[in-house]
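Visitor: Output the structure for:
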Amino acid sequence: MSFKANLQLSLFDSFHFPSDRKKRMLENSWAKAFSDHIFLNIDEYIFAPLFSEHTSSRPNAPINVIIGALILKEFTGLTDDEIVESMEFDFRFQYALHTISFEEQPISDRTFSRFKSRCAAYELLTGTDLIHECIIKLSKYIAEYMNLDGSIKRMDSMMIESNIRCMGRLELLYTCLANLVNAIYEDGVLNLPEKFNHYHDSNNRNKVVYHDKETSAKDKLQTVIDDASDLIKLCEKYYADNKDYQLLLRAIGEQTKPDPADDSKRVQKDKNDSMDSSVLQNPSDPEATFRSKAGKNHRGYAANIIETVDENGSVISDYQYDVNTHSDSKFIKEYLEEAPVQEDTIALIADGAYDSEEARKLAADKNIGLITTGLSGKTPNEILGDFTFTEDGTSVITCPNGYTPKSNNYICQNGNIKISFEREQCENCPHKDKCNPDIKTRTACKFVSKKSSEYIHRLRERHEDETYQLVGCIRNEVETVPSIMRSKYNVDKMPVRGKLRTKQFFGFKIGALNFVKLFRYTKGKGIEKCISLR
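Guide: All right, here's what the predicted structure looks like:
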C-alpha cells in the first residue's frame with residue numbers, strides 16, 4: 001500500500017448547495033469548527049513512513065480522514081462501528097471530514113485497527129510515536145489560534161487503570177497454566193498427561209478458585225504450582241518462544257521460590273520474600289504494573305499532562321505515557337531533557353512531587369523556571385533554617401544563636417553534619433527547646449543538613465510571597481483534566497490493553513479534549529455549555 005496525501009478537496013466539500021437553514025446550523029455546530037481548525041491542520045506526511053514508496057501499489061485511505069475520525073470518535077463517545085455508520089449517514093461528520101463529495105466513505109470497519117497496528121509496529125521498530133507527534137502539532141496550532149503566549153505551563157499526572165481484573169495468586173497461576181494448556185491442545189504438538197485435562201475445561205477455573213471449599217487454599221495453590229512446574233519442563237523444548245509459556249514461566253518465577261526442603265520443588269512466596277511492583281498482574285496485560293497512591297491500589301499506567309495556560313484559556317500542549325511505577329520526578333526529568341532551550345523564560349508550575357535539585361537545574365539550563373506549589377516529604381524542624389552553612393554544605397558556620405560549632409563531622413552517605421558545642425552554650429541558649437540538642441556531659445551534639453535548611457528557606461519564601469498564592473491557584477486548575485479524562489473520556493475503561501495500544505487511545509482523547517477547548521473558545525462558552533454528542 002502506497003502513501004498518498006489527501007490534498008485535493010472537491011468543490012462540493014465547500015458546501016455551497018444546502019439551504020440557508022442548514023448553513024446556519026452548520027456554522028454553529030462542532031462540524032464547522034472541526035472542519036476549519038482540526039481537519040485542515042492534520043499533517044498527513046508524518047505518517048508517510050508507514051506505507052510503501054512504490055506509487056504503483058494501491059493508495060492508502062486518507063490519513064487526515066482517519067485521524068479526524070478517531071478524534072471525533074473520542075469527542076462523541078462512539079465505537080469504531082458507530083463512527084463508520086455516522087460517516088455514512090450523518091451530514092455533520094461528512095462536512096467535518098470533507099467527505100461530502102465521496103460516493104462511499106473511505107473508511108471501513110478495519111481501517112482504524114489496521115492504521116493503529118501500523119503505528120504501533122513503527123514505534124516498536126523506531127521508537128517514534130507518530131500519533132503523539134500529530135496530536136502535539138494540532139495542539140500547537142490550537143494554542144496559536146487561541147493566542148496563548150506560552151509563558152506559563154502547568155503539569156500534573158494521573159493514574160490510568162488497565163482494563164483487567166484484579167487476580168489473587170491462585171487465580172493468576174491457574175489462568176497462566178490454563179492458557180498454555182489450551183495453546184498446546186490447539187497445536188496438537190504434545191500429548192499432555194491426563195492430569196492437565198481439567199485445565200482445558202473453561203468452567204473448571206471458577207470451580208477450583210472459588211467453589212471448592214473442601215480443599216484448603218494453600219493445598220489448591222500448591223497443586224497448581226506443582227502442575228505448572230511439570231508443564232514448564234515438558235514444554236520447554238517446543239514452546240520456549242510461545243507467549244503463554246513465557247507468561248507462565250514469569251508468573252512462577254515471581255510468585256514462587258525453591259522449596260528449602262526439596263530443591264526440585266517450588267512453593268509460594270511468603271510475606272518476608274520481596275516482590276516488586278513490576279510483577280505480573282494479569283496475563284491479559286503483561287505490561288501493567290502495580291502502584292499504591294493516596295491509599296488506593298492501581299494496576300496499569302500513568303500519564304503526565306503539560307498544559308499551556310493564560311487568560312484566553314488552556315490547551316494540553318504535550319503529554320507523556322508510561323507504566324504507573326514511572327514517578328513524577330522521572331516524567332519531568334524526561335520532559336526537560338527533551339525540551340528545547342527557550343528564548344523567553346517559561347514558568348512551569350507543578351506540585352511538590354516534581355521538585356528536585358536535578359529538575360531545577362535541568363529547567364534552568366533550558367531557561368524554564370520550575371515552580372512547585374507544595375514541597376513533598378516530611379517537613380524538617382523549622383529552626384534548621386537559621387543555621388548557616390559553608391557553600392559546599394559540609395560544615396556549619398554558625399547556629400541560630402551565633403555560636404560557631406566546636407567540631408563538624410560531615411557524613412557523605414546521607415549529607416548530614418554532626419556538630420558539637422560546649423555544653424554551657426546549648427544549656428543556656430534561648431533556642432534550646434526548638435533546637436533540642438543531645439546534651440552530654442561536656443558537649444551538646446546535633447545532626448543538621450544544608451538540604452533541610454534550604455527546604456525551610458523555600459517554605460518561608462512561599463509563605464511570605466503573594467505570588468505563590470496566585471501560582472497555587474493556577475496549578476490547581478490542571479487537576480480538572482484527570483477528572484474530565486475519567487468522566488468524559490473513560491480513560492480507565494479503554495477497550496485495549498498494553499502500553500502502546502492504550503497510549504494511542506489516550507492520544508486521541510487528548511486531541512478530543514483540545515478540540516473541546518478550541519470549540520469553547522470560538523463560541524465564548526464555558527465547558528459546561530459546550531455542545532457534545534454524548
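Visitor: Strands along the stretch 351-500 of the chain, start to end?
Guide: Using DSSP state E, counting those that start in this stretch, the strands found in the stretch 351-500 of the chain span residues 368-372, 388-389, 396-398, 407-411, 416-422, 438-439, 443-448.
Visitor: in stretch 394-414, what's buried?
Guide: Neighbour-count burial for stretch 394-414 flags 395, 396, 399, 400, 405, 408, 410 (criterion: 16 or more other Cβ atoms under 10 Å). All C-beta atoms are positioned from the backbone trio N, CA, C, and that covers glycine.
Visitor: hey, which of the strands of the stretch 351-500 of the chain is tucked in deepest?
Guide: When neighbours are counted by mean count of other Cβ atoms under 10 Å, the highest per-stretch mean among those falls to strand 368-372, a mean of 21.
Visitor: just the CA coordinates of that one, formatted as CSV?
Guide: Listed next in CSV are the C-alpha coordinates belonging to strand 368-372 (Å, rounded to 0.1, in the frame of the first residue of the first chain):
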residue,chain,number,x,y,z
ILE,A,368,12.5,27.3,32.3
GLY,A,369,11.5,28.5,35.8
LEU,A,370,10.3,25.4,37.7
ILE,A,371,7.8,26.5,40.4
THR,A,372,6.4,23.8,42.7
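Visitor: And the helix or strand harbouring residue 335, what does it pack against?
Guide: With the criterion set as DSSP states H and E, the secondary-structure element containing residue 335 is helix 328-338. Taking 3 or more Cβ pairs under 8 Å, 6 or more residues apart in numbering; DSSP states H and E as the contact definition, the neighbouring helices and strands of helix 328-338 are strand 152-161, strand 296-310, strand 313-323, helix 357-365.
Visitor: As CSV, these with mean neighbour count, distance to residue 220 and mean pLDDT would be great.
Guide: Output for the helices and strands packed on helix 328-338, formatted as CSV (neighbours: other Cβ atoms under 10 Å; distance: least, Cβ to Cβ, whole Å; pLDDT from 0 to 100):
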stretch, mean neighbour count, distance to residue 220, mean pLDDT
strand 152-161, 22, 28, 93
strand 296-310, 21, 23, 94
strand 313-323, 21, 31, 95
helix 357-365, 15, 48, 92
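Visitor: quick check, residue 267 in a helix?
Guide: No. Counting by DSSP: H, G, I helix; E, B strand; the rest coil, one finds residue 267 to be strand, located in no helix.
Visitor: tell me the contacts of residue 161?
Guide: Taking Cβ atoms under 8 Å, 6 or more residues apart in numbering as the criterion, residue 161 is in contact with 298, 299, 300, 492, 493.
Visitor: now the helix holding residue 335, how far from the centre of its chain.
Guide: 12 Å (Cα atoms, centre = their mean, to the nearest Å).
Visitor: residues of it that come out buried?
Guide: By neighbour count with 16+ other Cβ under 10 Å, helix 328-338 contains the buried residues 328, 330, 331, 332, 333, 335, 336.
Visitor: Tell me what angle that helix forms with strand 313-323.
Guide: 110 degrees (axes from the mean of the first three to the mean of the last three Cα atoms, to 10 degrees).
Visitor: what sits up against helix 328-338?
Guide: Applying Cβ under 8 Å, 6+ apart, the external contacts of helix 328-338 come out as 155, 157, 302, 304, 306, 318, 320, 322, 350-351, 353-354, 356, 358-359, 362-363, 366, 368, 370.
Visitor: Ok, stretch 50-59 next?
Guide: Contacts for stretch 50-59 (Cβ under 8 Å, 6+ apart): 1, 2, 3, 4, 60, 115, 118, 119, 122, 130.
Visitor: Looking at the buried residues of stretch 394-414, point me to the pair that's furthest apart.
Guide: Farthest apart among the buried residues of stretch 394-414 by Cβ to Cβ are 400 and 410. That separation is 19.9 Å.
Visitor: related to what we said a few turns ago, now the strands of the stretch 351-500 of the chain as JSON lines including mean pLDDT and distance to residue 214?
Guide: Compiled in JSON lines, these are given as follows (pLDDT from 0 to 100; distance: least, Cβ to Cβ, whole Å):
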{"stretch": "strand 368-372", "mean pLDDT": "87", "distance to residue 214": "57"}
{"stretch": "strand 388-389", "mean pLDDT": "93", "distance to residue 214": "68"}
{"stretch": "strand 396-398", "mean pLDDT": "93", "distance to residue 214": "69"}
{"stretch": "strand 407-411", "mean pLDDT": "92", "distance to residue 214": "59"}
{"stretch": "strand 416-422", "mean pLDDT": "93", "distance to residue 214": "58"}
{"stretch": "strand 438-439", "mean pLDDT": "92", "distance to residue 214": "61"}
{"stretch": "strand 443-448", "mean pLDDT": "93", "distance to residue 214": "59"}
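Visitor: so which of those comes closest to residue 258?
Guide: Between residue 258 and the strands of the stretch 351-500 of the chain, the tightest spacing by Cβ to Cβ is seen for strand 407-411, at 39.3 Å.
Visitor: mind listing the helices for the stretch 51-200 of the chain?
Guide: Secondary structure of the stretch 51-200 of the chain (DSSP state H, counting those that start in this stretch): helices at 63-76, 80-89, 91-96, 111-126, 130-145, 169-187.
Visitor: Need the winner for burial among those.
Guide: Using mean count of other Cβ under 10 Å, helix 63-76 ranks as the most buried of the helices of the stretch 51-200 of the chain, with a mean of 24.
Visitor: name the helices or strands packed onto that one?
Guide: With contacts defined as 3+ Cβ pairs under 8 Å, 6+ apart, the packing partners of helix 63-76 are helix 80-89, helix 91-96, helix 111-126, helix 499-523.
Visitor: Just the angle for it relative to helix 130-145, thanks.
Guide: Using the same axes, to 10 degrees, helix 63-76 lies at 80 degrees relative to helix 130-145.
Visitor: Any chance you could give me helix 63-76 in PDB, C-alpha atoms only?
Guide: Extracted in PDB, the C-alpha atoms of helix 63-76 (Å, rounded to 0.1, in the frame of the first residue of the first chain):
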ATOM      1  CA  ILE A  63      -4.800   9.900   6.600                       C
ATOM      2  CA  ASN A  64      -6.500  13.100   7.600                       C
ATOM      3  CA  VAL A  65      -9.900  11.400   7.400                       C
ATOM      4  CA  ILE A  66      -8.600   8.600   9.600                       C
ATOM      5  CA  ILE A  67      -7.000  10.900  12.200                       C
ATOM      6  CA  GLY A  68     -10.000  13.200  12.200                       C
ATOM      7  CA  ALA A  69     -12.500  10.300  12.600                       C
ATOM      8  CA  LEU A  70     -10.500   8.900  15.500                       C
ATOM      9  CA  ILE A  71     -10.600  12.300  17.300                       C
ATOM     10  CA  LEU A  72     -14.300  12.700  16.600                       C
ATOM     11  CA  LYS A  73     -14.800   9.100  17.900                       C
ATOM     12  CA  GLU A  74     -13.400  10.200  21.300                       C
ATOM     13  CA  PHE A  75     -15.200  13.500  21.100                       C
ATOM     14  CA  THR A  76     -18.600  11.800  20.600                       C
END
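Visitor: next one: it to chain centre, how far?
Guide: Helix 63-76 has its C-alpha centroid displaced from the chain centroid by 22 Å (Cα atoms, centre = their mean).
Visitor: what inclination does that helix have with respect to helix 499-523?
Guide: Interaxial angle, helix 63-76 versus helix 499-523 (the same axes, to 10 degrees): 80 degrees.
Visitor: tell me the mean pLDDT over helix 63-76?
Guide: On average, the pLDDT along helix 63-76 is 96.
Visitor: Run through who's touching that helix.
Guide: Here helix 63-76 makes contact (Cβ under 8 Å, 6+ apart) with 5-6, 30, 34, 38-39, 42, 44, 47, 78-80, 83, 86-87, 93, 96-99, 106-107, 111-112, 115, 134, 489, 505, 508-509, 511-512, 515-516, 532-534.
Visitor: Fine by me, thanks again.
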